[in-house]
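*Asks:* sequence first, then the predicted structure:
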Amino acid sequence: MNSPRIIFLLLLALLVFCFGLAAQLSPQFQSWRGSRSGGDIFNVVLGDSRRMFAQSFYVKADAYYHSGYYPTMFDNKEAFQTQHMAEDTGAVNSNNHGDEESFLGPKRNWIDAFGRHFFPDRHTHLDEGGPTDDLSGSENVREILPWLKLSADLDPDNPQTYTVTAYWLRERMHKVAEADVFLHEGLRNNPDSYDILFELGRLYDESYHDTARARNVWEEAVRKWMKLDADAQSDNKLVFEQITTHLAQLEENAGNLPRAIDWLHAAQKVSLTPDVLQKRIDDLQKKMNALIPVAPAKLY
Amino acid sequence: MKNIFAVAGVVIKELYRRKDFYVLFIITVLICLVMASVNIFNDPKIARYLKEICLLLVWISSLVIAITTTARQIPAERENRTLLPLLAKPLTRPQLIFGKFFGCWFACGLALLCFYIFFGALAAAREHQWPLLDYFQAAVMHWFMLGIVVAMTLLGSLVFAAPSSNSTICFVIIGGILFVGRHLDQVATSMHEPLRAIVNALYFTIPHLEFYDLRDLIIHNWPLIEWKYIVLALLYATAYIFAFLLGACLVFRRKPVN
């Protein structure tokens, strides 16, 4: 039994057995619904808990946007319910209340007062210069990008991560190509996302000046939004207003004034400021009337 | 003082003979270099995430070095039966305690110096600036925080039976202080008496190690802290260091050496 030949043959037999067993089980494992082997590394390691990590990295990006001045779980977070980096893109409903400057509240005791000298204690935004208040340093907003990318990798089904990242890439970093690629990656993962389509339309319109593609993408975004149920529509009115007002502007620039008025009417239905939109409609109406040629006077 | 520094010298030699520091330093360097090689939207200037990871690893490594090195000092002397000959020489028990403390603290200082030089080089490679005074403030505050940790662990090594239990308890206490120490008074407000009074008393008694954590200021390039606050924080640390060392001397005075 102790002969090396027998041990070698035994090992060989075990190897063949293992190989056969793996070949037998592998197809069954691949087709098993609980299998994680088809996913990416995060999916394999973390499973569904990756969404929780994705959210915490998304918040981390916002903490970077404030250069570390950010409330902990013990502080008053009323003014930070919606991440400011998302709010500043102009396409996200804000749930923030209260004073964002002083979530720390008054100094509670000498330890608290003394401790405040050793961590960031002033509200700043990176795109406005950060702690140095140097507006020329607004490109420092790049520092939020690693956390946003990680958040998108962990939870590819969250469209907001893509839109926020693309906005800052395009607006402050002037990296339009990267924003374009990232939005398309988001669209592949979230084909029904009107948010991503809206941001993609902005990119085509504002960065590439390609109005035809912007119009197509925004109209597709409107169709996607219309397919939502009533509750979802009422929760996402802001983005619809943004899409329709951008479409109205685009049509106005193209000289299609009746179409622009139609889009403004659509925006009015969901807007919190319908009067402002009515004023724009009236202006466009006047402009349109001025363009209608006056009937020539009778010659005879 | 001569005796104290002689003991301290032996402890420092022990640190550079052991592999703990080298392993932790190499792991830190490797992780940072791998993270630095990640391409994020073709922008090579993104630096702060790298600074954060590097500083986090430096903090973890320094705490591991400080606690594990200190926790085994006196138990090892006792196990190897070298404690009695040491004290038989003209070396008093307080001198031994202070010698062990200074040895561990200086050894931590040397380790920190290497870590911060690496951190500075890594940050300079990305940001093309070298804010030496900021790094100096961060390193000195970090070093004094480790002084409190070393003194606390030294006291623990005389109270608890084994180095492993001492290390674990020290890690839990120090982790707890760093994570919730600043907010204990807020936690207390939601409690009923007498728990509220106990938590409040704890808040004012514990050494507030979070004062010494300047990572957020360094990562996000905040301006320098006024030096008077740094000096006050160092005095605060010195007071706690002496309190713990005094406690260690009192406990050790009644402790059998064999």
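*Replies:* Noted; the coordinates are in hand.

*Asks:* which residues of the stretch 51-200 of chain A lie near chain B?
*Replies:* By Cβ under 8 Å from any Cβ of the partner chain, the residues of the stretch 51-200 of chain A that approach chain B are A:64, A:67-68, A:72, A:74, A:108-109, A:111-112, A:114-115, A:117-120, A:130-132, A:142-143, A:145-147, A:149, A:169, A:173, A:175, A:178, A:182. In short, each C-beta sits where N, CA and C put it, glycine included.

*Asks:* take those residues and keep only those in helices.
*Replies:* A:Tyr64, A:Ile111, A:Asp112, A:Phe114, A:Gly115, A:Leu145, A:Pro146, A:Trp147, A:Lys149, A:Leu169, A:Glu178, A:Phe182 (DSSP state H).

*Asks:* test my guess that the fourth one contacts B:Phe211.
*Replies:* Yes - under the contact definition of Cβ atoms under 8 Å, A:Phe114 touches B:Phe211, with a separation of 7.2 Å.

*Asks:* does anything pack onto the helix or strand hosting B:Leu87? Which helices or strands?
*Replies:* Assigned by DSSP states H and E, B:Leu87 belongs to helix B:83-88. Contacts defined by 3 or more Cβ pairs under 8 Å, 6 or more residues apart in numbering or on different chains; DSSP states H and E place helix B:83-88 against helix B:73-79, helix B:93-127.

*Asks:* what about chain A, any weak spots by pLDDT?
*Replies:* A:1-2, A:34-40, A:91, A:133-137, A:292-300 (pLDDT under 70).

*Asks:* which helix runs longest in it?
*Replies:* helix A:4-31.

*Asks:* list the buried residues in the helix or strand just after that one.
*Replies:* Of the helices and strands lying after helix A:4-31 in sequence (DSSP H and E), the nearest is helix A:41-46. Neighbour counts over helix A:41-46 (16 or more other Cβ atoms under 10 Å in any protein chain shown) mark A:Phe42, A:Leu46 as buried.

*Asks:* other SSEs contacting helix A:41-46?
*Replies:* Using 3+ Cβ pairs under 8 Å, 6+ apart as the test, helix A:41-46 ends up in contact with helix A:50-65, helix A:145-154.

*Asks:* just to revisit the earlier point, just name the most buried of the helices and strands packed on helix B:83-88.
*Replies:* helix B:93-127 (a mean of 20; mean count of other Cβ atoms under 10 Å in any protein chain shown).

*Asks:* please tell me I have it right and A:Glu185 contacts A:Thr165.
*Replies:* No - A:Glu185 lies out of contact with A:Thr165 (Cβ under 8 Å); the separation is 10.1 Å.

*Asks:* comparing these two, which shows the higher neighbour count?
*Replies:* A:Thr165 (27 against 15; other Cβ atoms under 10 Å in any protein chain shown).

*Asks:* give me the secondary structure label for that one.
*Replies:* Per DSSP: H, G, I helix; E, B strand; the rest coil, the secondary structure class of A:Thr165 is helix.

*Asks:* spatially nearest residue to it (excluding sequence neighbours)?
*Replies:* A:Leu148 (4.4 Å; Cβ to Cβ, 6 or more residues apart in numbering or on different chains).

*Asks:* where's the residue nearest to A:His125 when sequence neighbours are not counted relative to A:Gly105, distance?
*Replies:* Spatial nearest neighbour of A:His125, excluding adjacent residues (Cβ to Cβ, 6+ apart): A:Tyr65 at 6.1 Å. A:Tyr65 sits 22 Å away from A:Gly105 when distances are taken as Cβ to Cβ, to the nearest Å.

*Asks:* can you check A:Gly98 too?
*Replies:* In terms of Cβ to Cβ, A:Gly98 sits 11 Å off from A:Gly105.

*Asks:* need the overlap of contacts for the two.
*Replies:* Common contact partners of A:Gly98 and A:Gly105 (Cβ atoms under 8 Å, 6 or more residues apart in numbering or on different chains): A:Asn76.

*Asks:* the closest residue to chain B within the stretch 151-300 of chain A: what's it in contact with?
*Replies:* Distances between the stretch 151-300 of chain A and chain B by Cβ to the nearest Cβ are smallest at A:Glu178, namely 4.6 Å. With contact set as Cβ under 8 Å, 6+ apart, A:Glu178 has these partners: A:Leu169, B:Phe41, B:Asn42.

*Asks:* which SSE is residue 246 in?
*Replies:* I'll assume chain A. helix A:237-254.

*Asks:* hm, I was asking about chain B
*Replies:* Per DSSP H and E: helix B:227-253 holds B:Leu246.

*Asks:* so that helix versus helix B:93-127, what angle?
*Replies:* For helix B:227-253 against helix B:93-127, the angle by axes from the mean of the first three to the mean of the last three Cα atoms, to 10 degrees is 140 degrees.

*Asks:* is helix B:227-253 anywhere near chain A?
*Replies:* Yes - using Cβ under 8 Å from any Cβ, helix B:227-253 reaches chain A at B:Tyr229, B:Leu232, B:Ala233.

*Asks:* kindly supply the ChimeraX command isolating those of those that are buried.
*Replies:* Filtering the residues of helix B:227-253 next to chain A down to the buried ones (16+ other Cβ under 10 Å) takes a single ChimeraX command:
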select /B:233
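
*Asks:* closest to chain A out of the residues of helix B:227-253 next to chain A?
*Replies:* B:Tyr229 (4.4 Å).
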